[in-house]
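**Q** task: produce atomic coordinates for the following.
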Amino acid sequence: MTEPAAVRALAAWYRRHRRDLPWRRTRDPYAVWLSEVMLQQTTVEVVTPRFGRFLARFPDVETLAAARERDVLAEWSGLGYYARARNLHRAARAVVLSGRFPRTVQGLRALPGVGGYTAAAVASICFGVPEPVVDGNVIRVLCRYHGLRVDPKAHATLGRVRLLARRFVAGGAPGDRNQALMELGALVCTPRAPRCGACPLFPACEAARRGTPEAFPARGTREPARSLHLVAGVAFRRRRLVLVEDRELVRGHLTVPLFRVPPGKRPANVLRGKWEGAAGRGVEALGRLGVLHHSVLNRRYLVDVFALEERTPSPSLRTLPEERRRAPGAESAARIRLLRESDLSRHAHGGLLLKILALRGHVPRRK
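**A** Numbering: from 1, shown residues only. This is a model prediction of the structure:
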């Protein structure tokens, strides 16, 4: 099979088998850009319902640019990797300021948070620019097709695969050809148990000819995980959760107060010792709720969770705002937020907070 024949076979396969995804029904650069940002480090299954919901709240780049960052982060809650949302917001403002959406790879790459992959995807899909899109799926497909046993994460591999992919997208419909390579990797040429019999490139695939497709490309190296021990306290004031800005996992999120547990220290003692400085009240009683595990990138968190009953503030402090009821030396503490649980979805928060709230049974509540 010649390379032009392989390109034709892949295009025909894509027309027959591509998934009907909402971002494939449009060439609007704002919607396509949004989908590409959402899909980074997130699955199609997770993104599909969130894509429509985000567009309903921020239907165009002007609306997104005019929004408050905290509202954008709240809508992004649960998708993870929140720097993406901040950069999306900053880039929307840059687009509005310039007066138009960039139509070139170079122009797109000048936007905050837009790298070569996203710029190539938007430029090829929306504006017909013959620029290859290279992600993990494309690297795997073309390394197997050409029999390359190389480190998939090495910079040299990315450059080599980009040259090979360029030949696939040259000519008409580069956006569809880029998506065809990615779709093939997602549906057929999978990391484990590839379905070679269903692959349009099978007759010319070098890895399939050798009988070991899963051996291509070589296994990449992984950064070792970092483990951290935290303690969390769940408390209520006036039937509202005591929350602070997250300083441990994701900046800008709301969370229950979290503290690192030094080696050899008891989590309950750490919580008692630090709570008043962070929340402005002493601890009356603790009740252990359990332990949970949580991961963010290469960080692994072990979190001891306690239900916490606070001491009633002295009469002289009751008339002060919550944020001023601080213990001495607590000037750096985050501002306290009191929210009903039913209002939490309107504020930026992460998966750890939801795990903590799901873990609790009966939590003492002070009126």
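**Q** what about Val291, which SS state?
**A** At Val291 the chain is in strand, as set by DSSP: H, G, I helix; E, B strand; the rest coil.
**Q** kindly apply the preceding question to Glu309 instead.
**A** Reduced to three states by three-state DSSP, Glu309 is strand.
**Q** quick check, Gly351 in contact with Gly78.
**A** Yes. Counting by Cβ atoms under 8 Å, Gly351 touches Gly78, with 6.7 Å between them. Placement of C-beta: from N, CA and C, glycine included.
**Q** wait, Trp76 touches Asn87, no?
**A** No. Judged on Cβ under 8 Å, Trp76 makes no contact with Asn87 at a distance of 11.2 Å.
**Q** what about these two, which has more around it?
**A** The neighbour comparison of Trp76 against Asn87 (other Cβ atoms under 10 Å) goes to Trp76, with 21 against 15.
**Q** the more buried one and Arg140, how far apart?
**A** 28 Å (Cβ to Cβ, to the nearest Å).
**Q** next one: Leu187
**A** Here Leu187 is placed at a distance of 12 Å from Arg140 (Cβ to Cβ).
**Q** the more surrounded of those two?
**A** Higher neighbour count among Leu187 and Arg140: Arg140, with 25 against 16, using other Cβ under 10 Å.
**Q** is that one located within a strand, as I assumed?
**A** No. Arg140 is assigned helix when assessed by three-state DSSP, not a strand.
**Q** ok, and the closest non-adjacent residue to it?
**A** Excluding the flanking residues, the one nearest Arg140 by Cβ to Cβ, 6 or more residues apart in numbering is Gly185, at 5.3 Å.
**Q** tell me the secondary structure at the one you found.
**A** What three-state DSSP gives for Gly185 is helix.
**Q** tell me who's in contact with it.
**A** Asp135, Gly136, Asn137, Val138, Arg140, Val141 (Cβ atoms under 8 Å, 6 or more residues apart in numbering).
**Q** now, of the residues you listed, which are buried?
**A** With neighbours counted by 16 or more other Cβ atoms under 10 Å, the contacts of Gly185 contain buried members at Asp135, Asn137, Val138, Arg140, Val141.
**Q** would CSV of the residues you listed with distance to Gly115 and pLDDT be doable?
**A** Below are those laid out as CSV (distance: Cβ to Cβ, whole Å; pLDDT from 0 to 100):
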residue, distance to Gly115, pLDDT
Asp135, 11, 94
Asn137, 16, 96
Val138, 15, 97
Arg140, 19, 97
Val141, 20, 98
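**Q** just these now: which is nearest His229?
**A** Asp135 (34.8 Å; Cβ to Cβ).
**Q** what sits against that closest one?
**A** Asp135 touches Tyr117, Met182, Gly185, counting by Cβ under 8 Å, 6+ apart.
**Q** distance of the last one from Tyr14?
**A** Using Cβ to Cβ, we find Gly185 at a distance of 12 Å from Tyr14.
**Q** now the second one
**A** Distance of Met182 to Tyr14, given as Cβ to Cβ: 10 Å.
**Q** now the helices for this structure?
**A** Here the chain has its helices, by DSSP state H, at 3-17, 29-39, 44-57, 61-66, 69-76, 83-98, 105-109, 116-127, 136-146, 155-169, 174-187, 206-210, 267-279, 351-359.
**Q** make CSV from those and add distance to Leu241 to it.
**A** As requested, these are arranged in CSV below (distance: least, Cβ to Cβ, whole Å):
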stretch, distance to Leu241
helix 3-17, 47
helix 29-39, 28
helix 44-57, 24
helix 61-66, 29
helix 69-76, 15
helix 83-98, 23
helix 105-109, 41
helix 116-127, 36
helix 136-146, 39
helix 155-169, 45
helix 174-187, 39
helix 206-210, 53
helix 267-279, 11
helix 351-359, 8
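**Q** the ones you listed: which one's closest to Leu344?
**A** helix 351-359 (7.8 Å).
**Q** buried residues in that closest one?
**A** Gly351, Leu352, Leu353, Ile356, Leu357, Leu359.
**Q** run through who's touching that helix.
**A** Residues contacting helix 351-359 (Cβ under 8 Å, 6+ apart): 78, 80, 232, 234, 249, 253-256, 289-290, 292, 294, 301, 303, 305, 341, 344.
**Q** among those residues, which ones are in strands?
**A** Secondary structure defined by DSSP state E assigns Ala232, Val234, Leu254, Thr255, Leu289, Gly290, Leu292, His294, Tyr301, Val303, Val305 of these to strands.
**Q** which residues touch the nearest residue to Val138 once chain neighbours are set aside?
**A** The shortest distance from Val138 to any non-neighbouring residue, by Cβ to Cβ, 6+ apart, is to Leu181 (4.8 Å). Residues near Leu181 by Cβ under 8 Å, 6+ apart: Leu10, Val133, Asn137, Val138, Val141, Leu142, Ala165, Phe168.
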